[in-house]
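Engineer: output the structure for:
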Amino acid sequence: MRAADVPFEKVTAKNFPKGPDSLAPGHRACQGCGEVLALRLLLKSLGTEFIAVSATGCMEVCTGPYPQSAWRMPWIHVAFENAAAVASGVEAATHVLRRKGRGYDQRIPVVAVAGDGGTADIGLQALSGALERFHENFVYICLDNEAYMNTGIQRSSSTPFGANTTTSPVGSHSKGQYTWKKNMPAIAAAHGIPYVATANPAFHLDLMNKIRRAVAIEGPAYIHVYAPCPTGWRMKPELAIESGKLAVSTRIFPLYEVIEGNYVINRKVENPTPIAEYFKIQGRFRHLKEADIATITDRVNKEYEKLVALSERFPV
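Structural biologist: Below you'll find the predicted structure:
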């Protein structure tokens with residue numbers, strides 16, 4: 001059966017999961033945190049019958065202060081760089097236990113969760129190795145808030161061009177981050193795995209259904225989630241969802257899937273919102289001038305056009 005045809009129960013407004021939530025009420029995330037919202041939607045879409053592997057990062061710190069845990073299901077905190085490797089090992093262990101008839105009568109989903117630092121930077125080696133072992137069934141979720149927020153807003157390879165961080169500061173000879181954001185979904189897709197997707201908590205049903213599809217598919221899956229951070233982005237807490245909507249309508253963060261190498265754009269943007277609208281609600285871009293914004297706009301549109309071309313060349 002093709003990955004595109006694998007059945008799963010879709011989430012709609014009518015059958016939206018009521019509970020029990022896998023994440024207990026109350027957390028230590030910052031006010032307006034879009035990342036913890038994405039995490040809660042992720043967990044709500046799966047219920048409690050799965051195993052989570054969580055790398056060090058904002059969500060681990062917010063939800064697992066020793067000796068407490070907000071996770072109402074099996075949850076393993078691992079080092080910053082090895083969430084994918086541990087998830088791969090856990091999945092193999094559940095397979096052996098099921099084969100020996102020791103407590104598992106069906107496949108137990110294994111989900112790894114990490115931030116952009118633990119994924120695009122110091123976790124990339126473990127992630128690549130795990131995705132290369134394409135016979136293993138686990139889902140890797142990158143919650144991308146575009147910097148190392150937990151340790152002081154340092155830049156990562158996922159930080160967008162022009163963003164002001166504590167290690168890519170704006171100055172008389174600097175416009176902030178000077179490299180372009182690493183395209184992690186494309187890197188994951190290059191491994192030839194069955195399923196890759198982007199998701200955004202501002203489009204909650206889309207996010208939840210991509211999680212369910214990823215779990216249902218045989219083999220490793222990768223989902224890259226936009227995770228707005230009001231604190232690190234110097235943005236009003238109530239604008240996290242607005243920033244998510246603008247990220248899609250400006251083409252900065254397109255929503256798409258790569259199913260067995262075939263590209264599907266979930267929300268096509270024919271007439272994009274000016275990127276300046278996205279930048280003006282975030283203090284980290286306040287220093288950018290019109291020429292800078294024009295350069296970024298040109299880059300974003302070219303990358304989006306490449307994505308459209310791929311979707312037309314390799315339809316599902």
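Engineer: how about the helices of the stretch 51-200 of the chain, start to end?
Structural biologist: 58-63, 83-99, 116, 124-132, 184-189 (DSSP state H, counting those that start in this stretch).
Engineer: of all those, which lies closest to Gly176?
Structural biologist: Across those, Gly176 has its closest neighbour in helix 116 (16.6 Å, C-beta to C-beta). C-beta here means a position set from N, CA and C on the backbone, and glycine is covered the same way.
Engineer: who does that closest one touch, helix- and strand-wise?
Structural biologist: If you count contacts as 3 or more C-beta pairs under 8 Å, 6 or more residues apart in numbering; DSSP states H and E, helix 116 packs onto strand 139-144.
Engineer: give me the pLDDT for Pro315.
Structural biologist: Pro315 carries a pLDDT value of 65.
Engineer: any low-confidence regions in the stretch 1-150 of the chain?
Structural biologist: Confidence mapping of the stretch 1-150 of the chain against pLDDT under 70 gives the ranges 1-2, 103.
Engineer: what do you get if the cut-off is 50, keeping everything else the same?
Structural biologist: Residue ranges of the stretch 1-150 of the chain with pLDDT under 50: none are present.
Engineer: show me where it has its strands.
Structural biologist: 51-55, 75-78, 110-115, 139-144 (DSSP state E, counting those that start in this stretch).
Engineer: most packed of the ones you listed?
Structural biologist: For those, the largest average neighbour count (mean count of other C-beta atoms under 10 Å) is found in strand 110-115, namely a mean of 29.
Engineer: sheet-wise, list the partners of that one with their directions.
Structural biologist: Strand 110-115 pairs in its sheet with strand 51-55 (parallel), strand 139-144 (parallel), by DSSP bridges.
Engineer: so can I have CSV of those showing distance to Lys182?
Structural biologist: Output for the strands paired with strand 110-115, formatted as CSV (distance: least, C-beta to C-beta, whole Å):
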stretch, distance to Lys182
strand 51-55, 17
strand 139-144, 10
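Engineer: is the spatially most central residue of the chain bridged to anything, and to what?
Structural biologist: The residue lying closest to the centre of the chain (C-alpha atoms, centre = their mean) is Val225, at 2.3 Å. Beta bridges link Val225 to Leu143, Ala199, judged by DSSP bridges.
Engineer: that one contacts Tyr140, doesn't it?
Structural biologist: No. Here Val225 does not reach Tyr140: they are 10.8 Å apart, not a contact under C-beta atoms under 8 Å.
Engineer: tell me where the stretch 201-316 of the chain has helices.
Structural biologist: Using DSSP H, counting those that start in this stretch, helices in the stretch 201-316 of the chain cover 204-216, 230-233, 240-249, 275-279, 290-313.
Engineer: and of these, who's closest to Ser69?
Structural biologist: When these are compared by C-beta to C-beta, helix 204-216 sits nearest Ser69, at 20.8 Å.
Engineer: so who does Ala202 touch?
Structural biologist: Ala202 makes contact with Tyr226, Ile241, Glu242, Ser243, Gly244, Lys245, Ala247, Val248, according to C-beta atoms under 8 Å, 6 or more residues apart in numbering.
Engineer: give the buried subset of these as a ChimeraX selection command.
Structural biologist: Provided next is the ChimeraX selection string for whichever of these are buried by 16 or more other C-beta atoms under 10 Å:
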select :226,241,242,243,244,247,248
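Engineer: now the two most distant members of the contacts of Ala202.
Structural biologist: Pairwise distances across the contacts of Ala202 peak at 12.5 Å for Tyr226 and Glu242 (criterion: C-beta to C-beta).
Engineer: a markdown table for the strands of the stretch 1-150 of the chain, including distance to Arg284?
Structural biologist: Output for the strands of the stretch 1-150 of the chain, formatted as a markdown table (distance: least, C-beta to C-beta, whole Å):
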| stretch | distance to Arg284 |
| --- | --- |
| strand 51-55 | 24 |
| strand 75-78 | 29 |
| strand 110-115 | 17 |
| strand 139-144 | 15 |
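Engineer: and of those, who's closest to Gly219?
Structural biologist: strand 139-144 (10.2 Å).
Engineer: quick check: angle from the closest one to helix 83-99?
Structural biologist: Taking axes from the mean of the first three to the mean of the last three C-alpha atoms, to 10 degrees, one finds strand 139-144 and helix 83-99 inclined to each other by 160 degrees.
Engineer: hmm, who's touching strand 139-144?
Structural biologist: The contact list for strand 139-144, computed with C-beta under 8 Å, 6+ apart, reads 35, 38-39, 42, 57-59, 83-84, 87, 109-116, 119-120, 127, 130-131, 158, 184, 188, 211, 214-215, 220-227.
Engineer: for stretch 153-171, what is the average pLDDT?
Structural biologist: Confidence for stretch 153-171, expressed as mean pLDDT, is 97.
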